[in-house]
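Colleague: how does the following fold in three dimensions:
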Amino acid sequence: MNTVLSIIFLLVSLGLLCQPLVNRFARRVLSMPSWRPFVWLNLAIGIGLVIWTISVPGWGQKIEWIVVFIIGASAIIKGLGLWVFPEWSRSLMENFLARYWLFVLPLSLFYFALAVFLFCLG
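Modeller: From the prediction side, this is the model:
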């Protein structure tokens, strides 16, 4: 599980550094009239990950299950945020695109460090 999570975080870290890909995806999302599909997708993934994590005995003792739980909880919070504050979410995404490298470099470094950390534990 640690290896799978570290590969996922490494791919996310490298994918964020590809500005044309992220920019194209973000522009497409911003052009959508409603973000309801993303709300439901985030809520479904988040609830599924949280339920899956809690069903594992002793999940609080293993770092990989704690990471999966945090990802699920953050997906639930993101889905609720998109649902309750859609215009604020749009302005956040536009600010993210306007200051792309200011946000992406620390995020990419964080995901890379998390990937290395999880790989070393596995």
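Colleague: can you tell me the closest non-neighbouring residue to W65?
Modeller: Nearest non-adjacent residue to W65, counting by C-beta to C-beta, 6 or more residues apart in numbering: W59, 3.9 Å away. C-beta here means a position set from N, CA and C on the backbone, and glycine is covered the same way.
Colleague: give me the pLDDT value at the one you found.
Modeller: As predicted, W59 sits at a pLDDT of 90.
Colleague: K62 too?
Modeller: 88.
Colleague: count of neighbours near it?
Modeller: K62 has 15 neighbouring residues, counting by other C-beta atoms under 10 Å.
Colleague: need the contact list for the residue nearest to W65.
Modeller: Neighbouring residues of W59 by C-beta atoms under 8 Å, 6 or more residues apart in numbering: T53, W65, I66, F69.
Colleague: could you work out the most separated pair of those residues?
Modeller: In those, two members sit farther apart than any others by C-beta to C-beta. They are T53 and I66, at 8.2 Å.
Colleague: of those two, who's got more company?
Modeller: A count of neighbours by other C-beta under 10 Å puts T53 above the other of T53 and I66, at 21 against 13.
Colleague: enumerate every residue touching that one.
Modeller: Here T53 is in contact with W59, W65, V68, F69, G72 (C-beta under 8 Å, 6+ apart).
Colleague: among these, which ones are buried?
Modeller: Buried by 16 or more other C-beta atoms under 10 Å: W65, V68, F69, G72, out of those.
Colleague: okay, these in TSV with secondary structure and pLDDT next?
Modeller: Putting the buried ones among the contacts of T53 into TSV (DSSP: H, G, I helix; E, B strand; the rest coil; pLDDT from 0 to 100) gives the following:
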residue	secondary structure	pLDDT
W65	helix	92
V68	helix	93
F69	helix	95
G72	helix	95
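Colleague: please name the nearest non-neighbouring residue to G79.
Modeller: Leaving aside its sequence neighbours, G79 sits nearest to N42 (C-beta to C-beta, 6+ apart; 3.2 Å).
Colleague: quick one: the helices in the chain, in order.
Modeller: Under the criterion DSSP state H, the chain contains helices at 2-16, 19-31, 36-54, 63-84, 86-98, 100-121.
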